[in-house]
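Undergrad: From the sequence below, what's the structure:
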Amino acid sequence: MRARRPQVGVVLTAQHRAGRFAFAREHQDWQIRHWRSVLFTDESRFTLSTCDRCDRVWRRRGERSAACNILQHDRFGGGSVMVWGGISLGGRTALHVLARGGLTAIRYRDEILRPLVRPYAGAVVPRFLLMQDNARPHVAGVCQQFLQEEGIDAMDWPARSPDLNPIEHIWDIMSRSIHQRHVAPQTVQELADALVQVWEEIPQETICHLIRSMPRHCREVIQARGGHTHY
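TA: Presented below is the predicted three-dimensional model:
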């Protein structure tokens, strides 16, 4: 045995596990034609300053505090950008940058559902399905009413299940792409512009591969009896 960093996972209660297990069993046999109508969506926050504790330095004893051995890190991130996006087998939405503050139910309806999701649903009808998690703005009454009025069906998504949402891998790809740039973004606006660029440059085949993996993800959840998976 060797010492390893523990995998980080969300807190799962017995109720969460049961919901995840039921969802996975219901969708494990879905074919590509079923997933083709689903738009997977999510929000993510990216910061200017990152510190994942994975960097290493070579140093001698007693040189721990030498300037060349210190990774400077702003504990408050030095500014951040929240974005929303949606992916499907047929394409993707525009990446929406949420400026000035967090996401509320009204903003979600007016900035995302109305201008971005509704037109996308109109191009996929009649079997369009919106995948959104159970964040409070998503399940608020004003948003549920809007979806009902527009005839947009939302998937019954299990709580605490980021490992089942393929767009989470897209956020990881984007984060690593930004982090590996020779010239890192220095301002919030530069970060937002870089994120939009990276989003648009992700190959559609990468997105399709992630969505085609949904049956395998479901089987992993079933094998874990609704518990954590390695995704």
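Undergrad: got a list of contacts for stretch 104-115?
TA: For stretch 104-115, contacts defined as Cβ atoms under 8 Å, 6 or more residues apart in numbering pick out 84, 96, 98, 136-138, 140-143, 146-147, 152. C-beta here means a position set from N, CA and C on the backbone, and glycine is covered the same way.
Undergrad: Go through those residues and say which is closest to Trp35.
TA: Ile152 (17.2 Å; Cβ to Cβ).
Undergrad: Cross-check the contact I'm expecting between Pro215 and Arg25.
TA: No. In this structure Pro215 lies outside contact range of Arg25 using Cβ atoms under 8 Å: 11.7 Å.
Undergrad: In a markdown table, list the contacts of stretch 104-115 along with secondary structure and neighbour count.
TA: Output for the contacts of stretch 104-115, formatted as a markdown table (DSSP: H, G, I helix; E, B strand; the rest coil; neighbours: other Cβ atoms under 10 Å):
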| residue | secondary structure | neighbour count |
| --- | --- | --- |
| Trp84 | strand | 23 |
| His96 | strand | 17 |
| Leu98 | strand | 19 |
| Arg136 | helix | 11 |
| Pro137 | helix | 18 |
| His138 | helix | 22 |
| Ala140 | coil | 16 |
| Gly141 | helix | 8 |
| Val142 | helix | 14 |
| Cys143 | helix | 20 |
| Phe146 | helix | 19 |
| Leu147 | helix | 19 |
| Ile152 | coil | 19 |
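Undergrad: Among those residues, which pair sits farthest apart?
TA: Among the contacts of stretch 104-115, His96 and Gly141 lie farthest apart (Cβ to Cβ), at 22.1 Å.
Undergrad: And the helices in the protein?
TA: 14-27, 32-35, 105-107, 118-124, 136-139, 141-150, 167-179, 188-201, 204-212, 214-223 (DSSP state H).
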